[in-house]
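Trainee: sequence first, predicted coordinates after that:
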Amino acid sequence: MILNVFTCLSARLRQIGPGRRPGDIWRSLRAFPFIFFSLHSMAEIDASAQGQVVRVGLYENEPKVFTNTAGVPAGIFIDLLNEIAVTQNWTLDYRPCDWSQCLNWLETGQLDLMPDVALTDDRQRRFDFHQQPALNSWSQLYSRPDQPIVSIFQLNDARVALLQDSVQLPYFQSMLINFGLQTELIEAPDYPEAFRRVRDGEADAAVSNYLYGALHASQYNLVATPIAFQPSQLYFATGKGQKSDLLAAIDQQLTNWRANSDSVYFDILNEWQNLPPKPLIPRWLILSLTTALALLAITVLLITWLRHLVAARTRALSDSERKLTTILDSVGAFIYIKNRDFKYQYANQQLLDFLGKRKEEILDRTDSDLFGETVATPYLSNDRQVFAQGHPVRAEETLKGNDEERTFLSIKIPLHDHLGSIYALCGISTDITEEKDREARIQYLAYYEPLTGLPNRAYLFDYLAPAILNRPPHQGLALMVLDLDDFKDINDTHGHDYGDQLLIEVVRRLTNALPDKGHLIHLGADEFVIVMFTEGTPNDPASAFCEQVTQYMRNGYEWRDFSNHCTASIGLALLEPAEAGDLGQTLKHAEVAMHQAKLNGRDGWCLFTEQMHIALQTRLALDADMRNSLADQDFFLVYQLQFDDRQQAIGAEALLRWRHPQRGLVSPMEFIPLAERNGLILPLGRWVLLTACQQLVHWAGQTETSGLSMSVNVSAVQFRSADFTAIVAEVLAQTGARAERLKLELTETMLIDDLDDAIRNISELKAMGVDVALDDFGTGYSSLAYLKRLPLSQLKIDQTFVADVLIDPVAAAIARTIIGLGHSLDLNVIAEGVETEEQREWLKQEGCLAYQGYLFGRPETAEQLRHRWAQPAN
Ligand code: C2E
Ligand code: CA
Ligand code: CA
């Protein structure tokens with residue numbers, strides 16, 4: 001007995017086994033005196049000695065029925081049965097079998113009792129059951145967490161593992177049929193196998209009773225789905241018609257226990273259902289809670305992270321705000337923000353500095369608050385435009401800062417909120433005062449003469465031309481070109497400073513004389529334009545003005561010990577009221593008139609006339625024709641012979657002729673001045689020299705003409721050209737003419753303009769052997785002083801004196817003086833324009849022994865002269 005007790009105790013203790021709570025020990029001890037436990041053979045030996053032996057089917061369905069890790073039967077049903085066995089003095093003989101086998105053995109009488117059998121119709125036919133259910137249970141579906149099943153409909157086309165011959169199988173099958181689901185059912189011999197299949201992917205879900213699932217699902221990495229079904233009542237069963245005493249005893253015991261909440265029944269239930277922790281809360285709820293907790297944790301983490309992020313962002317923002325402020329404050333422009341009430345919301349340091357105000361004095365104030373109504377009005381108008389148009393507005397604005405007024409280019413940009421409406425404007429104002437000044441200076445220089453500060457030619461054309469064109473129809477216009485007569489000489493003589501001073505004084509005089517509607521323009525150098533708008537015809541007021549100005553200009557100038565006179569020549573052109581007129585043309589007309597005034601002897605004014613215009617046109621046409629004629633060889637030379645007192649031809653003067661293709665012969669008096677003006681005189685003069693020298697060479701080869709010299713007229717333009725003497729030398733060399741036979745005729749005026757130059761030129765010519773004669777002598781400034789310095793060889797008494805020697809004592813006196821001058825300076829003297837025998841006689845009496853004139857012959861071509869010499873002398 002002692003042995004038995006110890007065996008039982010040791011068995012109970014072993015049953016507790018690993019993983020069992022210490023509370024089990026107490027229950028085990030409570031039951032130990034009557035429990036006999038052994039393996040199959042041991043039980044048989046003891047059963048006969050101790051009363052009824054009950055053969056109990058033992059299959060694996062933890063925690064209800066199973067063999068624990070110590071190899072001892074365990075579970076809710078086993079504990080209950082053990083307790084009952086104690087009261088009934090039963091010896092329990094556990095026979096391991098699998099579920100179907102157990103049921104078969106029970107049917108065939110190899111087992112007396114089977115625990116954990118759900119009641120079904122079929123089983124009711126096969127077995128007997130007691131009345132009071134031993135345990136309530138239900139079935140639950142389990143799946144892998146990576147393929148969670150939350151709805152029964154997910155079972156369509158899925159594979160579900162179930163315990164074969166279990167009550168769940170037909171129930172589940174009919175449930176699937178009722179839901180119309182196609183699900184493959186895989187039968188497993190026990191729950192571990194069913195769970196293993198799901199774990200290994202051979203099935204998608206498994207069905208087990210919730211007690212088993214709650215205990216073991218996690219070992220297979222499975223989770224409970226929310227699909228629970230078939231609540232069932234579990235019983236002990238016996239074979240049909242056998243062992244009803246067992247069932248009755250069980251019923252009685254269960255009824256007693258259930259009536260008392262402190263009974264061992266509830267202890268056992270509590271303990272087993274709490275081990276492992278009783279899934280009071282459904283698995284999915286735990287999962288949801290876990291998920292919720294996880295989400296909470298994540299949320300907390302997220303919030304922490306966001307806080308960190310916000311802190312970092314805030315730091316970054318304040319960093320970048322600081323940076324931005326530094327940048328905005330150091331930008332060389334005013335930057336500001338105004339709200340829709342035109343009140344400043346921001347102003348950068350530059351603006352504050354400029355205004356000499358603190359931020360607080362600016363913010364929330366309008367421009368009118370800060371600068372007053374008048375100053376603020378243009379800003380307000382620009383700001384309004386930004387809000388009204390919704391586009392950036394560019395405008396020039398001026399603002400007086402601490403000291404001076406500055407000009408700004410302001411760009412004002414609308415600022416939009418996230419809804420797209422404009423809530424403010426941002427202004428950027430750049431100081432452009434310097435640029436404006438520079439622009440103004442450039443503008444000034446483009447339109448004004450720096451010396452006199454008067455508007456210039458560009459101003460005349462850009463500003464006055466439109467005013468002239470668009471003047472009221474009753475207004476007339478007078479345009480005057482004024483040119484100082486001796487300005488160049490004064491400038492050359494006294495220097496540019498003096499000249500500038502004189503110009504300023506001229507401007508002062510002109511400004512004084514200028515009428516109200518007059519404009520004074522400085523064209524450059526010593527040339528001015530006066531534009532005068534007149535009510536009605538401009539003739540009278542303009543003439544009066546010209547008269548007044550010419551007189552005004554006659555007054556002398558006295559500075560720096562110099563007293564000077566500088567008269568002016570004025571050309572006047574008029575536009576009648578309603579006469580459109582073109583400024584360019586009118587100006588040209590006035591210039592023509594001015595030149596005419598110069599031709600008229602300067603120091604006066606001249607009104608432009610149509611004749612002048614025609615003359616101008618003619619001159620321009622002649623200019624063009626002359627160029628063509630030079631190329632077409634329409635020029636030719638005639639020669640007028642010169643004789644001595646014995647009627648002997650001693651030389652000839654070459655005179656140029658132009659046979660104009662339309663006009664016939666044109667007088668050199670007309671075309672030489674033209675050629676001098678347009679520059680053609682240089683190639684033309686060279687041609688004359690060359691042709692005359694060729695003729696000279698030709699004559700040198702003929703007996704009758706071998707002794708003739710050739711006089712060639714030289715124009716002032718030619719004589720002053722730098723290469724004149726070189727050209728003469730070149731022509732002599734080119735033609736082979738003898739220099740001693742060449743005589744160049746110059747006039748006095750071309751010599752005195754630059755006497756030193758003239759002396760040098762004439763000396764060079766003299767050195768080459770070329771003679772120089774002074775033409776038209778007596779008409780110019782003839783003065784002994786310069787005559788003595790010039791290495792001349794001949795004086796030519798002008799024909800006007802010759803014509804009058806017999807009738808005009810003054811002319812006779814001049815002619816006599818010239819002859820005397822010639823003798824005293826050892827120059828030979830020739831008289832030109834000798835037309836009568838009387839004149840020749842008078843000249844001869846006075847000592848002039850050389851003559852040229854119609855009395856001896858008209859200028860003739862070389863051909864005509866050849867004929868003359870071919871005829872026998874009479
Ligand atoms: P000039 O040098 O005083 O030439 C003399 C002018 O008097 C010539 O006029 C000639 O035909 C004219 N003449 C000669 N004898 C008499 C006379 O008895 N009575 C009158 N009434 N006139 C007489 P022309 O040929 O018409 O030349 C006019 C001027 O043209 C010249 O005056 C000269 O200054 C200029 N000229 C002519 N040919 C040339 C030339 O090749 N070169 C330059 N630079 N000027 C020239
Ligand atoms: Ca001459
Ligand atoms: Ca002459």
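Mentor: Nice, thanks for sending it over. Residues are numbered from 1 along each chain as shown. Ligands and ions are numbered 1, 2, ... in the order given.
Trainee: what's the spacing between the residue in the stretch 101-250 of the chain positioned nearest to ligand 2 and residue 295?
Mentor: Of all residues in the stretch 101-250 of the chain, residue 146 sits closest to ligand 2, at 130.1 Å by Cβ to the ion. Every residue, glycine included, has its C-beta placed from N, CA and C. Distance, residue 146 to residue 295, using Cβ to Cβ, to the nearest Å: 19 Å.
Trainee: same check on residue 822?
Mentor: Relative to residue 295, residue 822 is positioned 136 Å away (Cβ to Cβ).
Trainee: quick one, what contacts residue 352?
Mentor: Residues near residue 352 by Cβ atoms under 8 Å, 6 or more residues apart in numbering: 358, 359, 362.
Trainee: now do 10 Å
Mentor: Neighbouring residues of residue 352 by Cβ atoms under 10 Å, 6 or more residues apart in numbering: 329, 334, 336, 358, 359, 361, 362.
Trainee: so where's the stretch 51-200 of the chain uncertain?
Mentor: Along the stretch 51-200 of the chain, segments meeting pLDDT under 70 span 51.
Trainee: and if you look at the chain?
Mentor: Ranges of the chain meeting pLDDT under 70: 1-51, 273-284, 286, 402, 560-562, 781-782, 872-874.
Trainee: quick one: strands adjacent to the longest strand anywhere in it?
Mentor: Determined from DSSP state E, the single longest strand within the chain is strand 223-239. With DSSP bridges as the test, strand 223-239 is paired with strand 114-118 (antiparallel), strand 127-129 (antiparallel), strand 135-143 (antiparallel).
Trainee: how far away from the center of its chain is it?
Mentor: 83 Å (Cα atoms, centre = their mean, to the nearest Å).
Trainee: sorry, back to before: neighbour-wise, which of residue 822 and residue 295 wins?
Mentor: Remark: of residue 822 and residue 295, residue 822 carries more neighbours, 23 against 12, as counted by other Cβ atoms under 10 Å.
Trainee: how about that one, phi and psi?
Mentor: phi -60, psi -50 (degrees, to the nearest 10).
Trainee: now it, nearest residue through space, not along the chain?
Mentor: The spatial neighbour of residue 822 that comes closest, neighbours along the chain excluded (Cβ to Cβ, 6 or more residues apart in numbering), is residue 829 at 3.7 Å.
Trainee: quick revisit: pick the most buried one from the strands paired with strand 223-239.
Mentor: Among the strands paired with strand 223-239, strand 114-118 has the highest mean neighbour count (mean count of other Cβ atoms under 10 Å), at a mean of 25.
Trainee: with just CA atoms, put that strand into CSV.
Mentor: C-alpha atoms of strand 114-118 as CSV (Å, rounded to 0.1, in the frame of the first residue of the first chain):
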residue,chain,number,x,y,z
MET,A,114,-14.3,7.3,-24.3
PRO,A,115,-13.8,10.9,-23.2
ASP,A,116,-14.3,14.0,-25.3
VAL,A,117,-17.1,12.8,-27.6
ALA,A,118,-19.4,15.3,-29.2
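Trainee: can you put the strands paired with strand 223-239 in JSON lines and add distance to residue 850?
Mentor: What follows is the strands paired with strand 223-239, written out as JSON lines (distance: least, Cβ to Cβ, whole Å):
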{"stretch": "strand 114-118", "distance to residue 850": "172"}
{"stretch": "strand 127-129", "distance to residue 850": "182"}
{"stretch": "strand 135-143", "distance to residue 850": "150"}
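Trainee: of all those, which lies closest to ligand 1?
Mentor: strand 135-143 (129.5 Å; Cβ to the nearest ligand atom).
Trainee: wait, what's in contact with the residue positioned nearest the centre of the chain?
Mentor: The chain has residue 411 as the residue nearest its centroid, 15.3 Å off, counting by Cα atoms, centre = their mean. Residues in contact with residue 411 (Cβ under 10 Å, 6+ apart) are 333, 386, 392, 393, 394, 395, 426, 427, 428, 429, 430.
Trainee: show me which positions of the longest strand of the chain end up buried.
Mentor: 223-228, 230, 232, 234-239 (16 or more other Cβ atoms under 10 Å).
Trainee: what are the boundaries of the helices in the stretch 451-600 of the chain?
Mentor: For the stretch 451-600 of the chain, the helices defined by DSSP state H, counting those that start in this stretch occupy 457-459, 465-469, 487-494, 496-513, 539-554, 583-599.
Trainee: partner strands of the host helix or strand of residue 413 and their direction?
Mentor: Taking DSSP states H and E as the definition, residue 413 sits inside strand 405-416. Using DSSP bridges, strand 405-416 pairs in its sheet with strand 393-400 (antiparallel), strand 422-431 (antiparallel).
Trainee: reformat the ones you listed as CSV; add mean neighbour count.
Mentor: Shown next, in CSV, are the strands paired with strand 405-416 (neighbours: other Cβ atoms under 10 Å):
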stretch, mean neighbour count
strand 393-400, 15
strand 422-431, 19
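Trainee: the longest helix along the chain packs against which elements?
Mentor: Longest helix in the chain by number of residues (criterion: DSSP state H): helix 283-330. On a contact count with 3 or more Cβ pairs under 10 Å, 6 or more residues apart in numbering; DSSP states H and E, helix 283-330 meets strand 135-143, helix 210-216, strand 223-239, strand 333-339, strand 344-347, helix 349-355.
Trainee: what residues does the protein have near ligand 2?
Mentor: Residues of the chain lying close to ligand 2 (Cβ under 5 Å from the ion) are 713, 745, 775.
Trainee: mind giving me the PyMOL command for buried ones among those residues?
Mentor: Restricted to buried positions by 16+ other Cβ under 10 Å, the PyMOL selection for these reads:
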select buried, resi 713+745+775
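Trainee: also near ligand 1: which of the residues of the chain next to ligand 2, exactly?
Mentor: With Cβ under 6 Å from any ligand atom as the criterion, those include 713, 775 near ligand 1.
Trainee: make a markdown table out of the residues of the chain next to ligand 2 and add secondary structure and distance to residue 125.
Mentor: Below are these laid out as a markdown table (DSSP: H, G, I helix; E, B strand; the rest coil; distance: Cβ to Cβ, whole Å):
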| residue | secondary structure | distance to residue 125 |
| --- | --- | --- |
| 713 | strand | 165 |
| 745 | strand | 169 |
| 775 | strand | 170 |
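Trainee: filter the residues of the chain next to ligand 2 by proximity to ligand 3?
Mentor: Okay, of the residues of the chain next to ligand 2 touching ligand 3 (Cβ under 5 Å from the ion), that's residue 775.
Trainee: for the residues of the chain next to ligand 2, which one is nearest ligand 1?
Mentor: Checking the residues of the chain next to ligand 2 against ligand 1 with Cβ to the nearest ligand atom, the nearest one is residue 713 at 3.4 Å.
Trainee: list the contacts for the nearest residue to that closest one once chain neighbours are set aside?
Mentor: Among residues not flanking residue 713 along the chain, residue 745 sits closest, at 4.9 Å (Cβ to Cβ, 6+ apart). Residues in contact with residue 745, defined by Cβ under 10 Å, 6+ apart, are 653-654, 711-714, 771-776, 794, 796, 832.
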